[in-house]
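>>> what follows is a predicted protein model with its sequence.
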Amino acid sequence: MASETFAGLLLERADDDHVGLRFEDETYTWAEVVEAARRRAALLGAGRPHVGVLLENVPEYVFWIGAAALAGATVVGINPTRRGAELAADIRHTDCELIVTDTAHASLLHGLDLGVDRVLRVDSADYVLPEPAEPLPVRPEDRLLLLFTSGSTGAPKAVACGQGRLASIACMSAMMGIGRDSVTYVAMPLFHGNAVMANFSFAVHAGATVVLRRKFSASGFLPDVRRYGVTYFNYVGRALAYILATPRGEDDARNTLQACFGTEASAQDMARFGERFGCHIIEGYGSSEGAISLRKTPDTPPDALGVAPPDVEIAVLDPETGAECPRVRFDEHGGLANPDEAIGEIVGLNVAAAFEGYYNNPEADAERVRDGKYWSGDLGYRDDKGFFYFAGRGTDWLRVDSENFAAAPVERILARWEPVVMCAVFPVPDPRTGDQVMAALEVAGDFDPAALAAFLAAQPDLGTKWAPRFVRVVPSMPLTATGKVDKKPLRRERWDTQDQVWRRPGRDLAYERLDASAAEALKAEFTANGRAHVLY
């Protein structure tokens with residue numbers, strides 16, 4: 001019988017001489033990993049503190065997750081891309097009593113009011129480890145992790161994950177095809193739930209080998225797969241798109257990779273990735289909060305998220321009324337015939353108890369759980385066969401000429417255009433009323449506005465209001481630390497940027513460069529219509 005706690009799963013590896021961890025030129029057996037965790041647990045004592053870990057994906061990070069599990073403590077994954085007051089606020093909010101970092105990252109803490117008792121630098125001469133500590137008793141409900149959300153739609157929140165939930169997730173390793181001889185590749189950041197839950201925990205349960213990469217590198221992906229014999233890779237956000245943007249080799253499929261699991265890749269990227277690297281892509285929908293998940297079945301349409309697991313009730317509800325939205329209707333071209341009524345919020349009807357809450361944030365808890373239901377904050381719709389589709393985050397609504405629609409269906413169409421590496425669709429103000437559609441595109445090679453217009457004109461499922469009014473060509477897409485597109489700066493800057501911006505001034509699909517004089521004329525339109533205030 002599998003252990004009910006993650007600490008129990010880890011202790012099952014205490015005498016395991018199979019290789020458990022590889023990092024660059026370092027190799028550790030599982031027995032050595034557990035001993036390293038026990039030594040660090042001795043530094044924690046019996047106080048069950050909150051330990052902030054501010055490191056890249058290095059062995060010390062894994063050792064400290066293990067230490068917290070065995071000591072009944074809580075690891076707080078600190079996002080190293082945060083700075084200044086925001087970084088300090090994250091640390092204070094999660095009541096960190098100890099920060100584990102290194103010299104490179106310790107500089108981020110200088111001058112900040114953290115309220116932390118100790119800071120340990122793992123690469124300093126003062127970092128001396130005691131004899132291994134005996135594990136403390138832990139319960140499934142004991143909190144093990146505090147993992148900040150990506151912050152792609154607002155201020156990050158610290159999601160709680162208990163010993164029992166991580167253990168139950170770990171037991172899904174066989175479903176992902178992970179066994180004793182598997183080699184899993186962790187390139188997504190360990191401060192985010194995707195890497196811990198969808199990779200490291202699986203390897204612990206199966207006794208597989210974990211390979212750590214300090215930071216994700218698209219160009220380093222295939223060389224690492226070949227060097228370490230990687231069989232499984234987890235991803236989030238647009239990682240597949242970036243790997244696909246690297247130069248193609250004739251022998252890319254000559255590798256050991258068997259399966260990749262992740263979220264938010266487009267159907268086109270999944271198909272291209274599987275074909276190019278000769279592996280199976282497993283796409284799922286879920287979040288660090290853990291209350292809702294959707295799984296693809298063999299008959300799931302390519303663009304759909306899938307269906308709910310057995311005994312889990314999920315619906316698409318109108319956020320205003322709480323009523324279930326009608327099923328989506330597709331027109332003869334595959335477009336959405338009734339987006340106004342079909343798109344709503346994805347809601348778990350019987351899963352609220354699975355949500356362990358945000359740390360010290362009752363307002364965010366109340367926003368998620370209302371009337372006994374778990375409201376995901378994600379937009380979606382459902383077809384007549386019961387398959388769910390993603391329509392964007394809660395902030396991804398657009399209203400153009402009195403028509404409401406979501407960003408994700410437009411993004412799926414733009415992603416089909418061959419030059420597109422990444423895309424983001426978001427609303428910008430219209431000079432008279434409502435919104436206009438703006439798209440940010442990261443493209444391979446030079447941007448060709450006429451080619452984009454021709455592509456859009458040929459898409460039979462492009463809604464009549466969906467063609468972008470503005471197109472911003474970005475050298476690289478702004479991302480959160482977990483690889484998701486960060487639309488906040490794009491929405492804030494709109495066309496006020498040094499990047500190329502193209503505008504479609506009329507009804508025709510024809511784009512013109514928005515130069516300084518055109519931008520001034522556009523601003524004058526807002527002023528003339530009494531809408532200048534929406535630009536500030």
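It's in.
>>> quick check, pLDDT for the spatially closest residue to Ser293 that is not a sequence neighbour.
By the measure of Cβ to Cβ, 6 or more residues apart in numbering, the closest residue to Ser293 outside its immediate chain neighbours is Gly286, 4.0 Å from it. All C-beta atoms are positioned from the backbone trio N, CA, C, and that covers glycine. If you check Gly286, the pLDDT there is 83.
>>> please apply the same query to Ile314.
Per-residue pLDDT puts Ile314 at 97.
>>> give me phi/psi at it?
Note on Ile314: its backbone torsions stand at phi -130, psi 140 [degrees, to the nearest 10].
>>> what residues sit buried inside stretch 256-273?
Using 16 or more other Cβ atoms under 10 Å as the test for burial, stretch 256-273 gives 257-270, 272-273.
>>> give me the residues contacting that stretch.
176-177, 183, 194, 198, 225-226, 229-241, 243-244, 277-286, 302-303, 411-412, 415-416, 484 (Cβ atoms under 8 Å, 6 or more residues apart in numbering).
>>> quick one: average pLDDT of stretch 9-18?
98.
>>> how long is that stretch from one end to the other?
With Cα to Cα, to the nearest Å as the measure, the ends of stretch 9-18 fall 15 Å from one another.
>>> with stretch 330-340 instead?
Between the start and the finish of stretch 330-340 there is a gap of 13 Å, counting by Cα to Cα.
>>> go on, stretch 141-158?
Between the opening and closing residues of stretch 141-158 we find a distance of 17 Å, counting by Cα to Cα.
>>> what about the helices in the stretch 301-450 of the chain?
For the stretch 301-450 of the chain, applying DSSP state H, counting those that start in this stretch gives helices covering 339-342, 362-368, 407-414, 449-457.
>>> counting by contacts, list what the second one packs against.
Just to be clear, that refers to helix 362-368. Using 3 or more Cβ pairs under 8 Å, 6 or more residues apart in numbering; DSSP states H and E as the contact criterion, the elements in contact with helix 362-368 are strand 373-382.
>>> if we can go back for a sec, mean pLDDT, mean neighbour count and distance to Glu97 added to the helices of the stretch 301-450 of the chain, as TSV?
Written out in TSV, the entries for those read as follows (pLDDT from 0 to 100; neighbours: other Cβ atoms under 10 Å; distance: least, Cβ to Cβ, whole Å):
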stretch	mean pLDDT	mean neighbour count	distance to Glu97
helix 339-342	88	17	49
helix 362-368	93	13	22
helix 407-414	91	23	41
helix 449-457	96	16	53
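>>> nearest to Pro132, of these?
Smallest distance to Pro132 across the helices of the stretch 301-450 of the chain (Cβ to Cβ): 37.5 Å, for helix 362-368.
>>> so which of the helices of the stretch 301-450 of the chain comes closest to Gln163?
The minimum distance between Gln163 and the helices of the stretch 301-450 of the chain falls on helix 362-368, with 20.4 Å, by Cβ to Cβ.
>>> circling back to that earlier point, just give me the neighbour total for the residue nearest to Ser293.
The number of residues packed near Gly286 is 19, by other Cβ atoms under 10 Å.
>>> what do you get for Ala46?
Close neighbours of Ala46, defined as other Cβ under 10 Å, add up to 11.
>>> for it, give me its contacts.
Neighbours of Ala46 in contact, by Cβ under 8 Å, 6+ apart: Ala71, Leu136.
>>> hang on, it is in a helix, isn't it?
No: under DSSP: H, G, I helix; E, B strand; the rest coil, Ala46 falls outside any helix and is assigned coil.
>>> roughly how far does it sit from Val76?
Here Ala46 is placed at a distance of 19 Å from Val76 (Cβ to Cβ, to the nearest Å).
>>> also Leu514?
According to Cβ to Cβ, Leu514 stands 44 Å off from Val76.
>>> likewise for Ala31?
Ala31 sits 27 Å away from Val76, taking Cβ to Cβ as the criterion.
>>> wait, the residue nearest to Ser293 touches Ile292, no?
Yes: judged on Cβ atoms under 8 Å, Gly286 makes contact with Ile292 at a distance of 6.7 Å.
>>> the nearest residue to Val75 once chain neighbours are set aside is in what secondary structure piece?
Distances taken as Cβ to Cβ, 6+ apart place Ala68 nearest to Val75, at 4.5 Å, with adjacent residues excluded. Secondary structure assignment for Ala68, by DSSP states H and E: helix 59-71.
>>> let me see the contact set for Met438.
Met438 sits in contact with Val425, Phe426, Pro427, Val428, Pro468, Arg469, Phe470, Val471, Arg472, Leu490, Arg494, Trp495, where contact means Cβ under 8 Å, 6+ apart.
>>> neighbour-wise, which of those leads?
Most neighbours among the contacts of Met438, by other Cβ under 10 Å: Val425, with 27 neighbours.
>>> send me stretch 60-74 as PDB with only the CA atoms.
What follows is stretch 60-74 as a C-alpha-only set of coordinates in PDB (Å, rounded to 0.1, in the frame of the first residue of the first chain):
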ATOM      1  CA  GLU A  60      19.900  21.700  -3.000                       C
ATOM      2  CA  TYR A  61      16.300  22.500  -4.000                       C
ATOM      3  CA  VAL A  62      15.400  18.800  -4.100                       C
ATOM      4  CA  PHE A  63      17.200  18.100  -0.800                       C
ATOM      5  CA  TRP A  64      15.200  20.900   0.900                       C
ATOM      6  CA  ILE A  65      11.900  19.700  -0.400                       C
ATOM      7  CA  GLY A  66      12.800  16.300   1.100                       C
ATOM      8  CA  ALA A  67      14.000  18.000   4.300                       C
ATOM      9  CA  ALA A  68      10.700  19.800   4.800                       C
ATOM     10  CA  ALA A  69       8.700  16.600   4.100                       C
ATOM     11  CA  LEU A  70      10.700  14.700   6.800                       C
ATOM     12  CA  ALA A  71      10.700  17.500   9.300                       C
ATOM     13  CA  GLY A  72       7.000  18.400   8.900                       C
ATOM     14  CA  ALA A  73       8.000  21.800   7.700                       C
ATOM     15  CA  THR A  74       6.800  23.900   4.700                       C
END
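>>> tell me the mean pLDDT for that stretch?
Averaged across stretch 60-74, the pLDDT comes to 98.
>>> tell me which element Gly20 is part of?
Taking DSSP H and E as the criterion, the element that holds Gly20 is strand 19-23.
>>> name every strand pairing with the helix or strand that comes right after that strand and say which way it goes.
Towards the C-terminus, the helix or strand next in line after strand 19-23, according to DSSP H and E, is strand 26-29. Each strand paired with strand 26-29, and its direction, by DSSP bridges: strand 19-23 (antiparallel).
>>> which other residues reach the partner strand?
Taking contacts as Cβ under 8 Å, 6+ apart, the residues outside strand 19-23 that touch it are 13, 27-33, 58-59, 62, 203, 207, 209-212, 228.
>>> between helix 59-71 and it, find me the angle.
In terms of direction (axes from the mean of the first three to the mean of the last three Cα atoms, to 10 degrees), strand 19-23 departs from helix 59-71 by 140 degrees.
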